[in-house]
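Visitor: Below: sequence and its predicted model.
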Amino acid sequence: MSTTALKTGIAGLGIIGSRVVDNLREKGFEVSVWNRTPKPHATGRVESPAALAAACDVVQIFVRDAKALKEVVAAMAPSLGKGKIVINCATVSLAATKDAAKAVKKTGADFLDVPFTGSRDAAAAGKLTYYAGGPAKLLERARPVLEASGSAILHTGEVGSATVLKIATNLVSAVTVQALAEALGLVEAGGVPLEMFEKAMEHNANCSGLVRMKLPSMIRRDFTCHFSLKNMLKDARYALALAAQGGMEAPVITAAAAVMAGLEVAGRGDEDYSVLAEHYIGKTEKE
């Protein structure tokens, strides 16, 4: 069987899932799709998660949270069985990942824990990085599907390891953007043009790909969604839960989560998480 003969399903047609579908089809895969909110004109649409699992050899799941993952896996279960692979790409709690793996394995199907890093543009370009937890042999079977939308696949160990690493790396992303937002507020309060801060950062050891991606749009106050505030807040809360489980304090992500929560309450949850800047800049011109 050629790699593209693997019938592939995508559950969840949001910012990332819809672009993964495009990449799979461009690479010659036959793709079926299902979305919680019906998309009647979606090519390859099926009516339910069970129909998706029945039609496919491999199913990638791109849902928002642990509750949605549990519901989708439960709905797929009657159509799962030996030879089928379920790949969870949603960032959820460690407990939810392990519960999903158990539920899938009970059906005789196989499960991989494969969250990703990379936002809207990386997904569109087929340049996601996948963190993959699960047996190495199983990952090799699923690799062609992941390579259709990913430029790197890091095997992290057993199921659950990839989830922990994704939560940890998102913690770093959240607090980096929180720090940028605070710094912009400080620069503005000091009467220095925000564009000068961007120039200064280009020559600073702290500059990074994330800084270069987020800082210009933060200065423009353009918060077009690449990765939503509500999803970053969700992941921050998973990080806090892991910290509590390990008996450790996490003051930096605690502070960032508090600001994100306030912005979500203010109706900014669907914007990019760089909207953190709105808590700090624009104050001078309003006074």
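Guide: Yes, it's here.

Visitor: Tell me where the model's unsure across the protein.
Guide: Low-confidence segments of the chain (pLDDT under 70): 1-4, 283-287.

Visitor: and if we set it to 90?
Guide: Along the chain, the model assigns pLDDT under 90 to residues 1-6, 37-42, 119-120, 282-287.

Visitor: so what are the domain limits for it?
Guide: With domains defined by automatic domain parsing, the chain comprises 3-158, 164-286.

Visitor: can I get these in JSON lines with mean neighbour count?
Guide: Yep, even glycine has a C-beta here, placed from its N, CA and C like the rest. Listed next are the domains of the chain as JSON lines, based on neighbours: other Cβ atoms under 10 Å:
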{"stretch": "domain 3-158", "mean neighbour count": "19"}
{"stretch": "domain 164-286", "mean neighbour count": "17"}
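
Visitor: quick one: contacts of the helix or strand harbouring Leu24?
Guide: Assigned by DSSP states H and E, Leu24 belongs to helix 17-26. Residues outside helix 17-26 that contact it (Cβ atoms under 8 Å, 6 or more residues apart in numbering) are 8, 10-11, 13, 31, 33, 35, 44, 60, 62, 120, 123-124, 126, 128, 145, 148-149.

Visitor: now the helices for the protein?
Guide: 17-26, 49-55, 66-76, 94-106, 120-124, 136-147, 161-189, 194-202, 209-220, 229-245, 251-265, 283-286 (DSSP state H).

Visitor: do you know which of these lies nearest Ser274?
Guide: Proximity to Ser274 (Cβ to Cβ) singles out helix 209-220 among those, at 4.7 Å.

Visitor: ok, and what's touching the closest one?
Guide: By Cβ under 8 Å, 6+ apart, helix 209-220 touches 173, 176-177, 180-181, 184, 194-195, 197-198, 201, 223-224, 272, 274, 277, 281.

Visitor: Dump the helix holding Leu24 to PDB, restricted to CA.
Guide: Output of helix 17-26 as PDB, limited to C-alpha atoms (Å, rounded to 0.1, in the frame of the first residue of the first chain):
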ATOM      1  CA  GLY A  17      -7.300  21.400  11.000                       C
ATOM      2  CA  SER A  18      -8.700  23.000   7.800                       C
ATOM      3  CA  ARG A  19      -5.100  23.800   6.700                       C
ATOM      4  CA  VAL A  20      -3.900  20.300   7.500                       C
ATOM      5  CA  VAL A  21      -6.700  19.000   5.200                       C
ATOM      6  CA  ASP A  22      -5.400  21.200   2.400                       C
ATOM      7  CA  ASN A  23      -1.900  19.800   2.800                       C
ATOM      8  CA  LEU A  24      -3.000  16.200   2.900                       C
ATOM      9  CA  ARG A  25      -5.000  16.600  -0.300                       C
ATOM     10  CA  GLU A  26      -2.100  18.400  -2.000                       C
END
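
Visitor: and it, how far from the chain's centre?
Guide: Chain-centre distance of helix 17-26: 16 Å, with Cα atoms, centre = their mean, to the nearest Å.

Visitor: same deal with stretch 81-92?
Guide: Its chain's C-alpha centre and that of stretch 81-92 lie 15 Å apart, by Cα atoms, centre = their mean.

Visitor: who does the longest strand along the chain pair up with?
Guide: Under DSSP state E, the strand in the chain containing the largest number of residues is strand 150-157. Looking at strand 150-157 with DSSP bridges, its partner strands are strand 128-133 (parallel).

Visitor: Determine the angle, from 0 to 180 degrees, between the partner strand and helix 136-147.
Guide: Counting by axes from the mean of the first three to the mean of the last three Cα atoms, to 10 degrees, strand 128-133 points 160 degrees away from the direction of helix 136-147.

Visitor: Quick one: residues in contact with strand 128-133.
Guide: For strand 128-133, contacts defined as Cβ under 8 Å, 6+ apart pick out 16, 20, 89, 97, 112-118, 122, 139, 146, 149-163, 165-166.

Visitor: dump the residue contacts of Lys70.
Guide: For Lys70, the contacting residues are Ala96, Asp99, Ala100, Ala103, by Cβ under 8 Å, 6+ apart.
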